[in-house]
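1. got a predicted model here, sequence first, then my questions.
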Amino acid sequence: MVLEKILDAGPQALVMTATQRRWSLAAIILHMLAIGVALGIGFPLTTLVLDSWGIEAWLIGLVATMPSIGMLVFIPLMPRLIAGLGMLPSMYLGCLIGVVGYLLLPLAPSVPAWIGLRFLVGVGLSLPWLVGETWINSLSTAENRGRVVALYGAALFLGLAAGPSVVGYTGIEGWAPFLVAAGAVLLAMVPLALARKVAPPMHQQVSLGYRQAINHAPTVFTAALLAGFAEMGLYALLPLYVIRGGLDQDFSLLLLTVMTLGGLFMPYPIGWLADHYSKRLVLAVMGFWATLLVISLAFILDITWLVYLVGFLIGGLMLGFYTVGLALLGERFKLGDLAVANAAFILFYEAGASTGPVVSGFAMDLWDPYGLLLVVASGTGLFALLAVGRSLFKQDEKPEPL
């Protein structure tokens, strides 16, 4: 089995039997699959509902990005909270907060209420997200980290891919999409409970702070910033771009699903490349390709098969920035520092995610609808140049010993 070979490659960072490692990894992957379904419903549902209310694009972007702002505000407090409550109780608490947020949305059909409730969802889901990333890096090694993280990210994107299809099936009226999203978060708690005896420990003693972590591996955190900025900008506003480009809502949702499928199937080969070649060089090549592909969307919207192909590739590259960055983070930091490093990584991701949809929304209002493409392509292009520069000067070369 491919999964067994990946998990059994090389000495493990934690002392576990092969069976325990596989079960622990399966639990966190299934957990993120369910979380991905909830997130995959939330983003297009928010965009389409607010658009049906006649809300401006910049305000749609603001509401869509509120979960990211919630995470951005509360993530710095999470390592201490997790140390106090314990790893699994913290994840359960976060899931329950997310469930409450989703169930209250249809009861409060106003922009101010949705801003607050989307913020609440982000605060809740930041807990399982932070613990999950520390969990997955604890189970991997330098020899297999790219592929293990890719499997984790692919599970998230499988859920994201299912989300828009759920919205297409349930529609945007009534309780159905909100109930499915809340149910997905509840289901995410089940594999955690089943795997409670093989959950890796959270290390509470750290030797560095957030600023030290950022200075130690700037390429890692810039990759997280770009991933959040570009990914959330596209997920929040790509359906609106397609509709304003003259196509219908069903096509926009299907394209979003195809893009997330790219995030499902491309991470593993990207992870293989990251395990065998310089991760910074892989990031640079991905940045250049992402720039070209995003720009191409301005010229091919009337060629259906080509739009789907480009959307598939863009989705894979968007997740690739995050997963390769996360794998590089796992190499650069000791196990005892992973919780702080992961928190800083998510902070940078959410800083990008909280600004991407808003900046893209403003750009679409100024240059309708092509501002979205201009903003995303500019971000990926600048990151590609940065990654090339860091690679040429041999920065972040030596991993921190585990």
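-> Alright, I've got the coordinates.

2. what residues of stretch 374-385 count as buried?
-> Using 16 or more other C-beta atoms under 10 Å as the test for burial, stretch 374-385 gives 374, 375, 376, 377, 378, 379, 380, 381, 383, 384. C-betas here are computed from N, CA, C, even on glycine.

3. which element, helix or strand, includes the residue nearest to residue 196 when sequence neighbours are not counted?
-> Distances taken as C-beta to C-beta, 6 or more residues apart in numbering place residue 88 nearest to residue 196, at 5.7 Å, with adjacent residues excluded. Residue 88 belongs to helix 87-104 when assigned by DSSP states H and E.

4. pull the CA atoms of that helix into PDB?
-> Output in PDB follows, covering the C-alpha atoms of helix 87-104 (Å, rounded to 0.1, in the frame of the first residue of the first chain):
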ATOM      1  CA  MET A  87      -5.400  18.800  22.600                       C
ATOM      2  CA  LEU A  88      -8.600  16.800  21.900                       C
ATOM      3  CA  PRO A  89     -10.900  18.900  24.200                       C
ATOM      4  CA  SER A  90      -9.700  22.000  22.400                       C
ATOM      5  CA  MET A  91     -10.600  20.400  19.000                       C
ATOM      6  CA  TYR A  92     -14.000  19.400  20.300                       C
ATOM      7  CA  LEU A  93     -14.600  22.900  21.600                       C
ATOM      8  CA  GLY A  94     -13.600  24.500  18.300                       C
ATOM      9  CA  CYS A  95     -15.900  22.200  16.300                       C
ATOM     10  CA  LEU A  96     -18.900  23.000  18.600                       C
ATOM     11  CA  ILE A  97     -18.300  26.700  18.200                       C
ATOM     12  CA  GLY A  98     -18.300  26.200  14.400                       C
ATOM     13  CA  VAL A  99     -21.600  24.300  14.500                       C
ATOM     14  CA  VAL A 100     -23.300  27.100  16.500                       C
ATOM     15  CA  GLY A 101     -22.100  29.700  14.000                       C
ATOM     16  CA  TYR A 102     -23.400  27.800  11.000                       C
ATOM     17  CA  LEU A 103     -26.800  27.100  12.600                       C
ATOM     18  CA  LEU A 104     -27.300  30.800  13.500                       C
END
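
5. buried stuff in that helix?
-> By neighbour count on 16+ other C-beta under 10 Å, the buried set for helix 87-104 is 87-88, 90-95, 97-99, 101-104.

6. ditto for stretch 61-77
-> In stretch 61-77, counting by 16+ other C-beta under 10 Å, buried: 61-75.

7. now, which of those residues sits nearest residue 128?
-> Sorting these by how near they are to residue 128, with C-beta to C-beta, puts residue 71 at the top with 11.3 Å.

8. nearest to residue 238 among the buried residues of stretch 374-385?
-> residue 376 (9.4 Å).

9. contacts only, for that closest one.
-> By C-beta atoms under 8 Å, 6 or more residues apart in numbering, the contact list for residue 376 reads 229, 230, 233, 234, 294, 356, 360.

10. how far is the helix or strand hosting the second one from where the chain is centred?
-> Here residue 230 sits within helix 218-244, counting by DSSP H and E. Taking C-alpha atoms, centre = their mean, to the nearest Å, the mean C-alpha location of helix 218-244 is offset from the chain mean by 10 Å.

11. tilt between whatever helix or strand comes next after that helix and helix 218-244?
-> Downstream of helix 218-244, the next assigned helix or strand under DSSP H and E is helix 249-265. Calculated by axes from the mean of the first three to the mean of the last three C-alpha atoms, to 10 degrees, helix 249-265 forms an angle of 160 degrees with helix 218-244.
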